[in-house]
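K.L.:
Return atomic coordinates for the entry below.
(one chain, ligands or ions: 1)
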Amino acid sequence: MGIGLTDDGKAGGMIIWHALLIFLTFAARKLMTERAEKSTQKIHNFNAGPSILPPKVIEESAAAIKDFNNSGLSLLEFGHRTPEFTSVMEEASALVKELMQLDNDHEVLFLHGGASTQFMQVPMNLLDDKETAAYADTGVWAAKAINEAKFFGNVDIACSSKEKGYTFIPKDFAVPNDARYFHITTNNTIYGTQWQSIPRTSNPLVADMSSDIFSRTLDFNSFGLIYAGAQKNMGAAGVNLVVVNNKMLGKLKRKLPTIMDYRNHIREKSMLNTPPVFAVYVSLLTLRWIKSEGGIVEMEKRNKEKAALLYQEIDENPLFSGTVLKEDRSKTNVCFMMKDADLVTSFLAYTNSLGITGIKGHRSVGGFRASLYNALPLESVEFLISAMQKFKTDFT
Ligand code: PLP
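P.N.:
Numbers count the residues shown, from 1 in each chain. Just a heads-up that it's a prediction; the model follows:
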């Protein structure tokens, strides 16, 4: 149907839309020029995962695919039992130990299968049929971990923020004394909440740290088991980091399939079967980068600064609002909304035109989510903030 002259509302809408588009393009060009002057980066990558990696890591990974260690062979065609690759695995494990300052009881493993496999492998190794494990239900990933644990034993939901759309971290709750372990998700990637302090209970603590591993200092030795998919703060998709206190293992009546038993992986130094060689190598390069930049202490300092700046803008800019309880805000995944829902699409189009990518919120939450992983430079956060400010002045 054409636009009838008498259809004032529709025609007017089209004119405003066209004017907005012209204005958008003009403002986008202006901002891009400013950005080009200030920035050396083409894309500001706020993806939630897989996500931004340090440029040095990308370059070195690409070089290793062409020629690994001047061997004339690609890393992709290199035997995993060779001394060259064995030393990759050894160095990666040693760097995890060093960066996390782990004691001798804590073993470091690089395993296949993504964090979702750990939802199942953890209870399979730690929870007997008639025993109970306690879980904090703080988001979709926590809920998935809970569902998997039910295959192996009883689950006590010690606390939950589900009723309020997972917008806060539970504070007052009790964990049953006899629970074999208490499982938390230290950072809830989808909702943008984070345990600011780790709960102290008499039960061994198990943590899914997929989205905030190596982003902040914690007493890692106080955990019975930590797991994380690599594809956010520590490398490429395809490998999991598992840190486990070996005193937790070997206490079950259940017989475990060989490949599922952590003890076999410990004995074989993460080489029980062919490891995901490329993903392990990218983790090694990322771990080296973290160390060379000043370790987890420095990562935490940078992440605090990035998050503080962005939350300040969200709180001050009248167009935006935060989505979760302030005290529980994540320093890794910053979730926010547009007060006027009609502006969401144009803000996304505008930021996209500037080279800002990955800020669309998870489909179950909507709005926006900016992931501020270790490799994301402060400059990208400042650029996003300047786009939020320009959008306010130019388009409203
Ligand atoms: N746990 C958390 C906190 C996550 O953010 C994710 C993915 O984003 C997962 C688990 C699942 O990870 P994977 O896709 O590696 O199984």
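
K.L.:
so how far is stretch 141-157 from its chain's centroid?
P.N.:
Stretch 141-157 sits 21 Å away from the centroid of its parent chain (Cα atoms, centre = their mean, to the nearest Å).

K.L.:
May I see the buried residues of it?
P.N.:
Using 16 or more other Cβ atoms under 10 Å as the test for burial, stretch 141-157 gives 141-146, 148-149, 152-156. Glycine gets a C-beta too; all of them are placed from N, C-alpha and C.

K.L.:
same deal with stretch 278-295?
P.N.:
Neighbour-count burial for stretch 278-295 [16+ other Cβ under 10 Å]: 278-290, 295.

K.L.:
for stretch 50-67, same thing?
P.N.:
Result for stretch 50-67 [16+ other Cβ under 10 Å]: buried residues 51-54, 57, 60-61, 64.

K.L.:
One more: stretch 326-336?
P.N.:
Buried residues in stretch 326-336, counting neighbours by 16+ other Cβ under 10 Å, are found at 328-336.

K.L.:
closest to the ligand among these?
P.N.:
Sorting the buried residues of stretch 326-336 by distance to the ligand puts N333 at the head of the list, at 8.3 Å, by Cβ to the nearest ligand atom.

K.L.:
Next one: that closest one from L372, what distance?
P.N.:
As judged by Cβ to Cβ, to the nearest Å, N333 and L372 stand 8 Å apart.

K.L.:
sorry, back to before: in the buried residues of stretch 141-157, which two residues are the furthest apart from each other?
P.N.:
Within the buried residues of stretch 141-157, two members stand farthest from each other by Cβ to Cβ: W141 and N154, at 20.6 Å.

K.L.:
Looking at the buried residues of stretch 326-336, spot the one nearest L102.
P.N.:
T332 (21.7 Å).

K.L.:
Can you name the residues of the stretch 51-200 of the chain that neighbour the ligand?
P.N.:
Residues of the stretch 51-200 of the chain lying close to the ligand by Cβ under 6 Å from any ligand atom are 114-116, 141, 185, 189.

K.L.:
which secondary structure element contains S380?
P.N.:
Using DSSP states H and E, S380 sits in helix 378-395.

K.L.:
Please name the residues that touch A136.
P.N.:
Shown in contact with A136 (Cβ atoms under 8 Å, 6 or more residues apart in numbering): 142, 157-160, 170, 173, 182-185, 199.

K.L.:
Quick check: it is in a strand.
P.N.:
Yes. A136: assigned to a strand according to DSSP: H, G, I helix; E, B strand; the rest coil.

K.L.:
mind listing what's buried in stretch 200-207?
P.N.:
201, 203-207.

K.L.:
Strands of the stretch 1-150 of the chain, residue ranges please.
P.N.:
All strands of the stretch 1-150 of the chain, identified by DSSP state E, counting those that start in this stretch, fall at 44-45, 106-111, 132-137.

K.L.:
what's the most buried one of those?
P.N.:
Sort the strands of the stretch 1-150 of the chain by mean neighbour count, taking mean count of other Cβ atoms under 10 Å, and strand 132-137 sits at the top with a mean of 24.

K.L.:
What sits closest to Y227 if chain neighbours are left out?
P.N.:
With sequence-adjacent residues excluded and distances taken as Cβ to Cβ, 6 or more residues apart in numbering, Y227 is closest to Q118, at 4.1 Å.

K.L.:
can you tell me which residues contact the one you found?
P.N.:
Counting by Cβ under 8 Å, 6+ apart, Q118 touches 111, 208, 227, 240, 242.

K.L.:
Would you point out the most distant pair within the residues of the stretch 51-200 of the chain next to the ligand?
P.N.:
Spatial extent of those (Cβ to Cβ) is set by the pair G114 and T185 at 14.5 Å.

K.L.:
and the two? which has more neighbours close in?
P.N.:
Taking neighbours as other Cβ atoms under 10 Å, G114 and T185 compare with T185 leading, 29 against 17.
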